[in-house]
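In: my questions concern the predicted model and sequence given below.
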Amino acid sequence: MTKALSALLFISTASAAPLMGGFRKVESSDLKEGAKMYEMATFAFSALQATCETEGANSIACNTLKESDLKVEGALQQVVSGMNYVFQLTLHNTETNAKKADVLLKVYEQVGKCVCVG
């Protein structure tokens, strides 16, 4: 009886915490301005823009990032040794608000670190 009870306790406590595995959709309420996911997406996007400016990159991707505002359309997250996020962004021209591009931004977060991977 003790083994069965400990197995039940393990299952009930394990289901309360995020499990490692596949990606899951982030709730739309977590993508609104001021929410952690929104802030992470805008921080990562700003870091990419800064990288393009400091390295003097003249690629198509960097030109698309210049003078762009973003809208976070959706996100996925995955528990690993930290967290993987994939943000679905729409970029708009800062002056005309015309749509420029749809972008997938991948971010890896570990305690104390945030790394943009593409």
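Out: Thanks, I have it.
In: which SS state does residue 97 fall under?
Out: Put simply, residue 97 is coil when judged by DSSP: H, G, I helix; E, B strand; the rest coil.
In: next, it: phi, psi?
Out: Reported as degrees, to the nearest 10, the phi and psi values for residue 97 are phi 60, psi 10.
In: need the per-residue pLDDT for residue 18.
Out: Residue 18 carries a pLDDT score of 52 in this model.
In: if you count neighbours, what's buried in stretch 46-62?
Out: Buried residues in stretch 46-62, counting neighbours by 16 or more other Cβ atoms under 10 Å, are found at 48-49, 52, 62. (Glycine included, C-beta is placed from N, CA and C.)
In: direction included, what does the helix or strand that contains residue 102 pair up with?
Out: Assigned by DSSP states H and E, residue 102 falls within strand 99-110. Here strand 99-110 is paired, per DSSP bridges, with strand 83-93 (antiparallel), strand 113-116 (antiparallel).
In: just checking, which of the buried residues of stretch 46-62 belong to helices?
Out: Among the buried residues of stretch 46-62, the members found in helices (DSSP state H) are 48-49, 52, 62.
In: what's the most buried one of the strands paired with strand 99-110?
Out: Compared across the strands paired with strand 99-110, strand 83-93 shows the largest average neighbour count, a mean of 18 (mean count of other Cβ atoms under 10 Å).
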